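Engineer: Provide a 3D model corresponding to the input given below.
(chains A, B and C)
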Amino acid sequence: MDSGAPVIVWFRQDLRLADNPALDAAVATGSPVVLAYVLDEPLGGAWRLGGASHWWLHHSLESLAAAIAARGNALVLRRGSWATELPRLAREAGATRVFCGRVYAPWEREADKAVAAALQQDGVAIEGFTSALLHEPWSIRTQGGGPYGVYTPFSRAVFAADPPPEPSAAPKRIAAPAKALHGDALQTWALLPTKPDWAGGLRDEWQPGEAGAAARLKGFLAKALDRYGEARNLPGIASTSKLSPHLRWGEISPAQVWHATHAAMAPRGAAKQGAQTFLKELVWREFSYHLLWHRPEMPDAPLRQEFAKFPWRNDNAARRAWQQGRTGYPIVDAGMRQLWRTGWMHNRVRMITASFLIKQLLLPWQAGEAWFWDTLVDADAASNSASWQWVAGSGADAAPYFRIFNPVLQGEKFDTDGTYVRTFVPELAKLSNALIHRPWDASEQELRDAGVVLGKTYPHPIVEHGFARARALEALASISKGKAA
DNA sequence: TGAAATGTTGGGGCG
DNA sequence: ACGCCCCAACATTTC
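Structural biologist: Numbers count the residues shown, from 1 in each chain, chains lettered A, B, ... in the order given. Model prediction:
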């Protein structure tokens, strides 16, 4: 233990005090600790933080600052280029060491190089820790030593690997430097929407911050874990963990989730299937980061070369209809409206809406990726781009191109009683279960009884499924070898 | 982590 | 009684 120069803990996507290796390492030095978050707005270019992410970040920082204050320290907020602000903080604090959790987006890796170079010039060392993932992307390797390109063998390797270390508890006290550093007031960052304030639905749904994350995990393990295997695909019931935005910002670590789930499944015996399925979803997140690390072009370019010449359409009216949830397909519109209202969408419905944009509307997957990036509170460069490429068929381990969801059948299969559609598309609420996923099949009498006027209170289908399916198959055949159209 | 088209089978109606 | 057809149910193949 020394009590020399302060150590800087630089928060990025690990906005928590428990199981935070960078923080633990800093506290363990015995030195005073400067805790900082630096908002680098232009970072990421087209992939700079979206609107929903801004909203979440505001509240998460607020929560983190309060938790730090309760431990006798302060969160220092700074705005500017990482490569400028980190050296400035180090100079002001007289720090010679910076500890941080690692980040993985290509623009972040690029920026980190500049940060390290700038700090080194000032004689400041920076050390990264595994914080946002169970395993570093370079540590999971095939027999041949290369990266995995297919999920199933990747997941086998993860389950066979040593588990991540047991999570640590939050430090009781975090020694503050003798002289506090000044920082921005969070409000001056103007991260919250004002005109209009579209965040009402987000406030109703979410409690950003470490405490909210822990509560979400606890409630999920107690109430939904056993049924997760079957129920996770049903958007009409609360069957999923909704941990994704908390994981995205690191308000909870995947290692905490991993160990808590194992602890919950241990006494369950035969009922542990739900837990196993849930862990696999956590491993999908790891796999996305693994792919992003090894294929940094993933957010922008198809991983399969032949998709570079795919004949996408350019149809802004259709794109807007999809964004606003007025495609005329109830399950699609319900999903897009859930996204807009709450900043989140059920995973099954993400697949349905994504498939609709790509295959029914034949719009580029990047257009959907960009919309999700702006509107999802869990928007994450790895999961978002990997999942869009998966649906498009352009990814490393992607769904085959001919797998085209029928939005009616998907709705009837996974929202059989129409609960989900009725929640988010209330103008259809009075239709019977048999018609709610296909209002165009209703008789005039049935429509009248339900108060539905197609084309007026609810749109006609933007495209006919049979036609769209054939069009998509033709377009996809045109880029496949030996199947030129 | 599909859907549609096509093929097969077997029960039952009916001449 | 028998063959024929229809078609639902299920299986297989194709997109």
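Engineer: Helices of the stretch 251-400 of chain A, start to end?
Structural biologist: Counting by DSSP state H, counting those that start in this stretch, the stretch 251-400 of chain A has helices at residues A:254-265, A:273-294, A:316-324, A:330-342, A:347-355, A:365-375, A:381-392.
Engineer: could you dump those to TSV with mean pLDDT?
Structural biologist: Output for these, formatted as TSV (pLDDT from 0 to 100):
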stretch	mean pLDDT
helix A:254-265	96
helix A:273-294	96
helix A:316-324	98
helix A:330-342	98
helix A:347-355	97
helix A:365-375	98
helix A:381-392	97
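Engineer: Turn those into a markdown table, columns for distance to A:Ala118 and mean neighbour count.
Structural biologist: Using the backbone N, CA and C atoms, a C-beta is placed for each residue, glycine as well. Output for the helices of the stretch 251-400 of chain A, formatted as a markdown table (distance: least, C-beta to C-beta, whole Å; neighbours: other C-beta atoms under 10 Å):
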| stretch | distance to A:Ala118 | mean neighbour count |
| --- | --- | --- |
| helix A:254-265 | 30 | 19 |
| helix A:273-294 | 23 | 20 |
| helix A:316-324 | 40 | 16 |
| helix A:330-342 | 39 | 25 |
| helix A:347-355 | 39 | 23 |
| helix A:365-375 | 28 | 21 |
| helix A:381-392 | 23 | 25 |
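Engineer: closest to DNA strand B out of the ones you listed?
Structural biologist: Among those, the nearest to DNA strand B by C-beta to the nearest atom of the strand is helix A:273-294 (5.0 Å).
Engineer: Is DNA strand B within reach of stretch A:321-337?
Structural biologist: No - Stretch A:321-337 lies out of reach of DNA strand B by C-beta under 7 Å from any atom of the strand, never closer than 10.2 Å.
Engineer: Kindly check the end-to-end length of that stretch for me.
Structural biologist: End-to-end span of stretch A:321-337 (C-alpha to C-alpha, to the nearest Å): 11 Å.
Engineer: Go through the helices of the stretch 251-400 of chain A and name the closest to A:Trp440.
Structural biologist: With C-beta to C-beta as the measure, helix A:330-342 is the member of the helices of the stretch 251-400 of chain A nearest A:Trp440 (10.4 Å).
Engineer: could you say what helices and strands the closest one packs with?
Structural biologist: Using 3 or more C-beta pairs under 8 Å, 6 or more residues apart in numbering; DSSP states H and E, the elements in contact with helix A:330-342 are helix A:200-205, helix A:316-324, helix A:347-355, helix A:365-375, helix A:407-414, helix A:419-424.
Engineer: And the residue of the stretch 1-150 of chain A that's closest to DNA strand C?
Structural biologist: Of all residues in the stretch 1-150 of chain A, A:Val150 sits closest to DNA strand C, at 18.5 Å by C-beta to the nearest atom of the strand.
Engineer: Could you tell me how many residues sit around that residue?
Structural biologist: With neighbours defined by other C-beta atoms under 10 Å, the count for A:Val150 comes to 11.
Engineer: All set, thanks.
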